[in-house]
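Chemist: based on what follows, work out the 3D shape:
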Amino acid sequence: MQVLKALTVLAVLGMPALAEAKPPLREVKEIDDELYYIAIANEISELCPSISGRRLKAIGVMWDLRSKANKLGYSDTEIRAYVDSDAEKDRMRAKGEAYLAANGVSYDNPTSFCSLGKKEIDGNSAIGVYLRAN
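Modeler: Numbers count the residues shown, from 1 in each chain. Here you go, the predicted structure:
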């Protein structure tokens, strides 16, 4: 009976930990979305010679995202695993390529990156804030 009571107490004490389990970082919208915007802006700036990336702004935001993830309980090791994950990189690339295609961008037509970049800059969009026209 003592063992049963001890197991019950352990189970009850362990329940809050289960209730507080962290979702994968890819499901933390405020972090995943911002990294996505930075990735799209980077792709545009790499392929459009008349648009530059605002790299210092992006780096500052990424440091802020790291701090935010730490405050949400994610360790630096967990953050690094998410950022370095091939599966996450593939997912982000697929999501980005779908966005680009939906906006008329084609890798066969590099000027299409410039058109989208200008639209994003002019609209001061979540992507546009990481871009600047040269």
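
Chemist: distance of Asp86 relative to Glu43?
Modeler: Look at Asp86 and Glu43: by Cβ to Cβ, to the nearest Å, they are 18 Å apart. For every residue, glycine as well, the C-beta is placed using N, CA and C.

Chemist: of these two, which one has the most company?
Modeler: Counting neighbours by other Cβ atoms under 10 Å for Asp86 and for Glu43 shows that Glu43 has the greater number, 22 against 7.

Chemist: wait, that one touches Lys95, no?
Modeler: No - using Cβ atoms under 8 Å, Glu43 is not in contact with Lys95, being 11.7 Å away.

Chemist: buried sites along stretch 69-89?
Modeler: 69, 74, 79, 82, 88 (16 or more other Cβ atoms under 10 Å).

Chemist: so which of these are in helices?
Modeler: 69, 79, 82, 88 (DSSP state H).
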